[in-house]
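A.B. asks: just to be clear, the model below is a prediction. Sequence and coordinates:
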Amino acid sequence: MKEKIITVSPEKCVGCGICEYACSYRKEGVFNPLKSRIRVIRIDLLINTALVCRKCEDPPCVRSCPREALVKRRWDGLVIVNEEKCDGCGYCIEACDFGAITIHPEKNVAIICDHCAGEPECMLWCPEEAIQLVPKENLAQEKRVGAVKRRFEKELEVTA
């Protein structure tokens, strides 16, 4: 089974926040972005994207947890939170380079995306189809292609 990762295209994302509402409703039964496992961020006036767990090879969040409440599953790469052990200290939040972990506002435990058992609710409800579930090895190739395209676009702007 190929390990998959959720990706968000900033070119398509309009920052509507529907992904946050869909996630919180699926996981918590309420429409509350503070209880979502995906976070919409806005950079400048026109750039929007959403942050979600990147399933790091050797997750710093797991290593940083003093209570060993976070575990990376071998078969799918998901980082799972043991709520019995988690005390909401926030070390995992500081360790995450992607800003993909938050603390549940009522339970005071870390919350991380678990891909909704392979059918991410955020992806299903995104009106712009900006959220995709792709094989992890495809991500690097997509990033390389995007970088090359951006470089050529810049060179065309300079010569124009």
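C.D. replies: Here it is on my side, so go on.
A.B. asks: part of a helix, is Cys61?
C.D. replies: Yes. Counting by DSSP: H, G, I helix; E, B strand; the rest coil, Cys61 is located in a helix.
A.B. asks: please name the nearest non-neighbouring residue to it.
C.D. replies: The shortest distance from Cys61 to any non-neighbouring residue, by CB to CB, 6 or more residues apart in numbering, is to Cys92 (3.9 Å). Bear in mind the C-beta positions are built from the backbone N, C-alpha and C, glycine included.
A.B. asks: doesn't the one you found lie inside a helix?
C.D. replies: Yes. Applying three-state DSSP, one finds Cys92 inside a helix.
A.B. asks: in contact with it, which residues are there?
C.D. replies: Contact partners of Cys92, counting by CB atoms under 8 Å, 6 or more residues apart in numbering, are Cys61, Val62, Ser64, Cys65, Leu70, Ile101, Ala110.
A.B. asks: now tell me which helix or strand of this structure has the poorest mean pLDDT.
C.D. replies: The least trusted helix or strand in the chain, going by mean pLDDT, DSSP states H and E, turns out to be helix 136-159, with a mean of 71.
A.B. asks: excluding chain neighbours, what is closest to Cys116?
C.D. replies: Nearest to Cys116 is Arg26, by CB to CB, 6+ apart, at 6.1 Å.
A.B. asks: how about the strands in the chain?
C.D. replies: Counting by DSSP state E, the chain has strands at residues 4-8, 39-43, 47-51, 70-72, 79-81, 102-103, 110-111, 131-135.
A.B. asks: need the winner for burial among those.
C.D. replies: Counting by mean count of other CB atoms under 10 Å, strand 110-111 has the highest mean neighbour count of those, with a mean of 24.
A.B. asks: partner strands of that strand, with direction?
C.D. replies: For strand 110-111, the pairing partners within the sheet under DSSP bridges are strand 102-103 (antiparallel).
A.B. asks: count of neighbours near the closest residue to Cys89 other than its chain neighbours?
C.D. replies: Once flanking residues are discounted, Cys89 sits nearest to Pro66: 6.8 Å by CB to CB, 6+ apart. Per other CB atoms under 10 Å, the neighbour tally for Pro66 reads 10.
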